[in-house]
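K.L.:
Here is the input, now give the coordinates:
(one chain, ligands or ions: 1)
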Amino acid sequence: MRDDAPNSWEARADAHSFYGFTDLPTIEDRGAVVLTHGEGPYVFDVHGRKYLDANSGLWNMVAGFDHPGLAEAAKAQYDRFPGYHAFFGRMSDQTVMLSEKLIEVSPYDTGKVFYTNSGSEANDTMVKMLWFLSGSEGQPQRRKIITRKNAYHGVTAVSASMTGKPYNSVFGLPLDGFIHLTCPHFWREGLPGETEEQFTARMAQELEDVIATEGADTIAGFFAEPVMGAGGVIPPSKGYFQAIHKVLKKHNIPLISDEVICGFGRTGAVWGCETYDFIPDAIISSKNLTAGYFPMGAVILGPELTARLQAASEAIEEFPHGFTASGHPVGCAVALKAIDVILNEGLIDNVRALTPKFEAGMARLLENPNIGEARGKGLMGALEAVADKATKTPFAGDLSVSERIANTCTDHGLICRPLGQAVVLCPAFIMTEPQMDEMFEKLELALKKVF
Ligand code: PLP
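P.N.:
Residues are numbered from 1 along each chain as shown. Sure, this is the predicted structure:
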């Protein structure tokens with residue numbers, strides 16, 4: 001794939017672009033895929049090669065790469081009022097309208113929204129809000145945050161501490177006071193002979209035990225993705241959120257739903273918490289919020305946290321936090337349009353309509369002797385590669401087998417993501433049935449070549 005000319009795009013990318021979250025030996029061997037444009041769910045590279053993007057960018061380009069309405073909404077707002085922030089008592093009209101819309105589509109009758117530039121910053125902001133409450137409500141010791149192993153909540157120092165991935169140890173993270181419970185992945189974490197219900201009960205008991213050991217009055221909040229995304233697309237075990245929520249309510253610990261991936265349709269409902277039937281105390285949103293057309297995150301506070309934060313802020317006359325581009329008017333205009341497109345242009349209906357076909361495609365690939373589990377919800381799925389299906393033993397070796405599958409897919413014009421030993425699929429909501437057939441055909445071909 002790599003063009004070895006000294007001034008090739010690949011060489012120029014290597015020379016001055018610092019790669020994050022990229023397998024460097026693979027890049028050295030194959031070169032970066034340098035992209036120029038997109039059409040629907042397809043992207044094109046500098047050599048004119050076309051790829052079906054089964055990742056939708058990074059879970060977020062759900063309306064495809066050339067939606068005219070989204071580009072027009074951005075252009076219109078750039079022409080009208082290109083930028084502003086949302087503090088010192090000022091904000092744009094777009095910000096006012098987006099906050100109204102977000103509360104309208106949230107599970108809450110009333111509430112308030114705080115804007116950031118990313119999902120990481122939204123999680124960071126939520127943690128600071130909880131710490132602010134602890135201090136102002138006379139419980140300064142209430143600072144610990146509980147998440148789960150394998151969770152992904154971002155890369156800032158706080159959100160990376162919430163993330164339950166071992167790679168963060170290279171940064172000396174997590175910070176003190178971030179506790180990671182067992183990942184609720186029944187297939188991998190269930191004990192021999194344990195039913196899914198028993199597994200869920202064990203997860204809830206683990207939470208009870210940790211609260212007892214740490215002290216309920218030291219815990220500021222519990223954060224969870226409805227379906228873990230970057231952990232490898234892991235839906236919760238049956239009844240998980242009901243069991244966990246019961247424990248949290250008993251100890252007055254807020255439950256925060258990190259809906260950066262699940263929010264706005266990925267699981268077939270507006271919110272992942274809707275799919276799993278729980279109402280969190282706050283929602284973290286990003287990615288699909290703007291269909292990927294503008295970097296933006298939002299903390300959507302339910303009524304109780306809104307009232308408490310309002311009171312705490314009034315007591316010291318302000319909430320001292322915000323980003324230069326918080327509530328950027330172009331971002332808000334794009335988000336308003338993205339929400340309209342997702343909810344009213346049939347995108348979420350398409351997620352629901354395509355889900356049975358998606359599940360059938362995944363089930364077919366599970367017949368491969370080296371695919372141990374096909375899992376997912378709505379239009380997010382993962383195929384877990386195993387060396388031995390009966391014992392669930394993963395493959396050994398330096399380059400993970402999922403990386404080899406993904407590289408082979410790229411060679412055949414399909415972008416999908418290797419995550420641990422799994423290959424992840426999260427197609428755009430605009431995907432058509434023939435495009436979904438193409439996605440599975442290419443993946444099946446890659447599996448045949450690798451195994
Ligand atoms: N939370 C979840 C569930 C995510 O999947 C991500 C990113 O993938 C984040 C938070 C962090 O968002 P960002 O990359 O915009 O900082």
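
K.L.:
burial of residue 128, as a residue count?
P.N.:
By other Cβ atoms under 10 Å, 15 other residues sit near residue 128. The C-beta positions use only the backbone N, C-alpha and C, and glycine is treated the same way.

K.L.:
what's the distance between the closest residue to it other than its chain neighbours and the ligand?
P.N.:
Closest residue to residue 128 apart from its sequence neighbours, by Cβ to Cβ, 6 or more residues apart in numbering: residue 321 at 5.9 Å. Using Cβ to the nearest ligand atom, to the nearest Å, residue 321 is found at 17 Å from the ligand.

K.L.:
contacting residues around residue 321?
P.N.:
Residue 321 makes contacts with 125, 128-129, 132, as judged by Cβ atoms under 8 Å, 6 or more residues apart in numbering.

K.L.:
swap in residue 313?
P.N.:
residue 319.

K.L.:
and it, backbone torsions?
P.N.:
Dihedral pair for residue 313: phi -70, psi -40, per degrees, to the nearest 10.

K.L.:
Secondary structure of the residue nearest to residue 128: a strand, I assume?
P.N.:
No - with DSSP: H, G, I helix; E, B strand; the rest coil as the criterion, residue 321 is located in coil rather than a strand.

K.L.:
Now do the closest residue to residue 181 other than its chain neighbours: how many residues are near it, please.
P.N.:
Nearest residue to residue 181, sequence neighbours excluded (Cβ to Cβ, 6+ apart): residue 148, at 5.0 Å. Neighbours of residue 148 under the rule other Cβ under 10 Å: 27.

K.L.:
hang on, the earlier thing: are any of the contacts of residue 321 buried, and which?
P.N.:
125, 129, 132 (16 or more other Cβ atoms under 10 Å).

K.L.:
Just the closest of the residues you listed to the ligand, please.
P.N.:
Ranked by distance to the ligand (Cβ to the nearest ligand atom), the buried ones among the contacts of residue 321 are led by residue 125 at 11.4 Å.

K.L.:
In the helix or strand hosting residue 100, which of the residues would be classed as buried?
P.N.:
Secondary structure assignment for residue 100, by DSSP states H and E: helix 93-105. Burial within helix 93-105, assessed by neighbour count using 16+ other Cβ under 10 Å, is assigned to 94-95, 98-99, 101-103, 105.

K.L.:
give the contact list for the closest residue to the ligand within the stretch 251-400 of the chain.
P.N.:
Among all residues of the stretch 251-400 of the chain, residue 260 sits closest to the ligand, at 3.5 Å; criterion: Cβ to the nearest ligand atom. Contact analysis of residue 260 by Cβ under 8 Å, 6+ apart lists 119, 122, 225, 229, 284-287, 297.

K.L.:
Then residue 312?
P.N.:
Taking Cβ under 8 Å, 6+ apart, one finds 132-133, 136-137, 319 in contact with residue 312.

K.L.:
tell me the centre residue of the chain?
P.N.:
residue 261 (3.2 Å; Cα atoms, centre = their mean).

K.L.:
Torsion angles phi and psi at that residue?
P.N.:
Dihedral angles (degrees, to the nearest 10) for residue 261: phi -90, psi -50.

K.L.:
Tell me the predicted confidence for it.
P.N.:
At residue 261, the pLDDT value in this model is 98.

K.L.:
Same check on residue 85?
P.N.:
On the pLDDT scale, residue 85 gets 89.

K.L.:
Could you do the one 10 residues further on as well?
P.N.:
Looking at residue 95, its pLDDT stands at 98.

K.L.:
cool, and residue 398?
P.N.:
Per-residue pLDDT puts residue 398 at 62.

K.L.:
Can you pull out the low-pLDDT segments for the stretch 301-450 of the chain?
P.N.:
398-399 (pLDDT under 70).

K.L.:
swap the cut-off to 80 and go again
P.N.:
397-399 (pLDDT under 80).

K.L.:
can you give me the helices for it?
P.N.:
Using DSSP state H, counting those that start in this stretch, the helices of the stretch 301-450 of the chain run over residues 303-316, 329-344, 347-366, 401-411, 433-450.

K.L.:
Now do the buried residues in the shortest one.
P.N.:
Spelled out, that is helix 401-411. Going by 16+ other Cβ under 10 Å, helix 401-411 has these buried residues: 401-410.

K.L.:
Put the alpha carbons of it into CSV.
P.N.:
Only the C-alpha atoms of helix 401-411 are listed here, as CSV (Å, rounded to 0.1, in the frame of the first residue of the first chain):
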residue,chain,number,x,y,z
VAL,A,401,-5.2,-11.2,14.7
SER,A,402,-7.9,-8.4,14.6
GLU,A,403,-5.2,-6.0,13.3
ARG,A,404,-4.4,-8.5,10.5
ILE,A,405,-8.1,-8.8,9.7
ALA,A,406,-8.6,-5.0,9.6
ASN,A,407,-5.5,-4.6,7.4
THR,A,408,-6.8,-7.3,5.0
CYS,A,409,-10.2,-5.5,4.9
THR,A,410,-8.4,-2.2,4.1
ASP,A,411,-6.7,-3.9,1.1
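
K.L.:
For that helix, which helices and strands make contact with it?
P.N.:
helix 24-30, strand 380-385, strand 417-419, strand 422-425, helix 433-450 (3 or more Cβ pairs under 8 Å, 6 or more residues apart in numbering; DSSP states H and E).

K.L.:
Need these in TSV (columns: distance to residue 350 and mean neighbour count).
P.N.:
Below are the helices and strands packed on helix 401-411 laid out as TSV (distance: least, Cβ to Cβ, whole Å; neighbours: other Cβ atoms under 10 Å):
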stretch	distance to residue 350	mean neighbour count
helix 24-30	33	13
strand 380-385	14	26
strand 417-419	21	21
strand 422-425	16	27
helix 433-450	10	17
